[in-house]
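Colleague: Any chance you could fold what I've pasted below:
(2 chains)
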Amino acid sequence: MSWHYPHKLPLEEQLLISRYFRKSGFIENEKITSFPAFIREAANCKFICIRPEVREKPEAAFEQEMLGKLSGTYQPDLNVIKAELFGPLRESSCQHCLFDPERHNQINGNYNLKNLNKKLDEVLIRREKRKVLDQLPNLQQTDIPVGLSPLQTDYHAAYTKGLAQILRKNSLHLMTSSA
Amino acid sequence: MLLLTNMRMLCDSNFLIDDETNESPKLEELKYILLEKPDVQNTDRKIIFF
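Modeller: A predicted model of the protein is given here:
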């Protein structure tokens, strides 16, 4: 990250730059994780312009650093996974799947699903709509009109133009073929 | 059909058409709705998107 301005900066902006860059004209890559704070502070500074690609770099470095810290300290709780719930795959499959007598591993149907649901009850929230419908609040629909951005409008107009050309061509073709 | 599909997609975000740009007023509005109204950051409510 580097900065350059050939003229004298207003005092406030000069102080901000020297707080982050010291007397240097750049920040080393290893220290750019503190740069988002500079971007926030510089938001109202008239003379400090930050290119979009420069904004992304420290944010990515910050995320990377946070992930690194988390992966060093975070221990996922694997106790919630009950590996013994179903037992060996083939054995549990045979309790619920109807295998094809001729084709290996082809499943034609299932049975004993009540038993399967009972087993899954403790680990899976699975409720049928008809059973919980009276517990649900009434459906509310709210329409919120949101306008397109200028770029979206341009794209939309271009597609509309293309669509209109196709429709015109098709209708002309229909008219000439019916005449 | 392709043009109509593209038109529908770009109303969500032009990133779906052109991955070098990403403008989505809908997502901005959604962010506002989620952060301001149900205040998702400070509640344990769950939200399902379709």
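Colleague: what does chain B put close to chain A?
Modeller: Residues of chain B lying close to chain A (C-beta under 8 Å from any C-beta of the partner chain) are B:3-4, B:6-7, B:10-11, B:14, B:17-18, B:21, B:23-26, B:29, B:33. (Glycine included, C-beta is placed from N, CA and C.)
Colleague: Check these for burial and list the buried ones.
Modeller: For the residues of chain B next to chain A, a burial check counting by 16 or more other C-beta atoms under 10 Å in any protein chain shown picks out B:L3, B:N6, B:M7, B:L10, B:C11, B:N14, B:I17, B:E23, B:S24, B:K26.
Colleague: Which helix or strand contains the third one?
Modeller: Assigned by DSSP states H and E, B:M7 belongs to helix B:2-12.
Colleague: helix, strand or coil for the residue in chain B that chain A sits nearest to?
Modeller: As assessed by C-beta to the nearest C-beta, chain A sits closest to B:E23 within chain B, at 4.1 Å. Three-state call for B:E23 (DSSP: H, G, I helix; E, B strand; the rest coil): coil.
Colleague: Likewise for A:S92?
Modeller: Going by three-state DSSP: A:S92 is helix.
Colleague: And the pLDDT for it?
Modeller: With respect to pLDDT, A:S92 has a value of 79.
Colleague: show me what contacts it?
Modeller: When contacts are counted by C-beta atoms under 8 Å, 6 or more residues apart in numbering or on different chains, A:S92 touches A:F86.
Colleague: can you check A:R55 too?
Modeller: Contacts for A:R55 were tallied using C-beta under 8 Å, 6+ apart; they are A:I39.
Colleague: Assign it to one of the three secondary structure states.
Modeller: In three-state terms, and counting by three-state DSSP, A:R55 is helix.
Colleague: Also A:Q75?
Modeller: coil.
Colleague: Same question for A:R127.
Modeller: The three-state label for A:R127, taken from three-state DSSP, comes out as coil.
Colleague: Also the one 10 residues further on?
Modeller: For A:P137, the secondary structure call by three-state DSSP comes out as coil.
Colleague: likewise A:E59?
Modeller: Reduced to three states with three-state DSSP, the structure at A:E59 is helix.
Colleague: Double-check it against A:A37; I have them as touching.
Modeller: No. In this structure, A:E59 is not within contact of A:A37 by C-beta atoms under 8 Å, at 11.4 Å.
Colleague: low-confidence ranges in chain B?
Modeller: Applying pLDDT under 70 to chain B flags no residue at all.
Colleague: got it, and chain A?
Modeller: Scanning chain A for pLDDT under 70 picks out the ranges A:80.
Colleague: and the biggest helix by length in it, which residues are buried?
Modeller: Among the elements of type helix in chain A, defined by DSSP state H, the one spanning the most residues is helix A:150-178. Within helix A:150-178, the residues that count as buried by 16+ other C-beta under 10 Å are A:Q152, A:Y155, A:H156, A:Y159.
Colleague: repeat for stretch A:116-127
Modeller: A:K119.
Colleague: now the end-to-end length of that stretch.
Modeller: The distance separating the two terminal residues of stretch A:116-127, taken as C-alpha to C-alpha, to the nearest Å, comes to 14 Å.
Colleague: ok, and what's touching that stretch?
Modeller: Outside stretch A:116-127, the residues within contact range by C-beta under 8 Å, 6+ apart are A:K82, A:L85, A:F86, A:Q95, A:H96.
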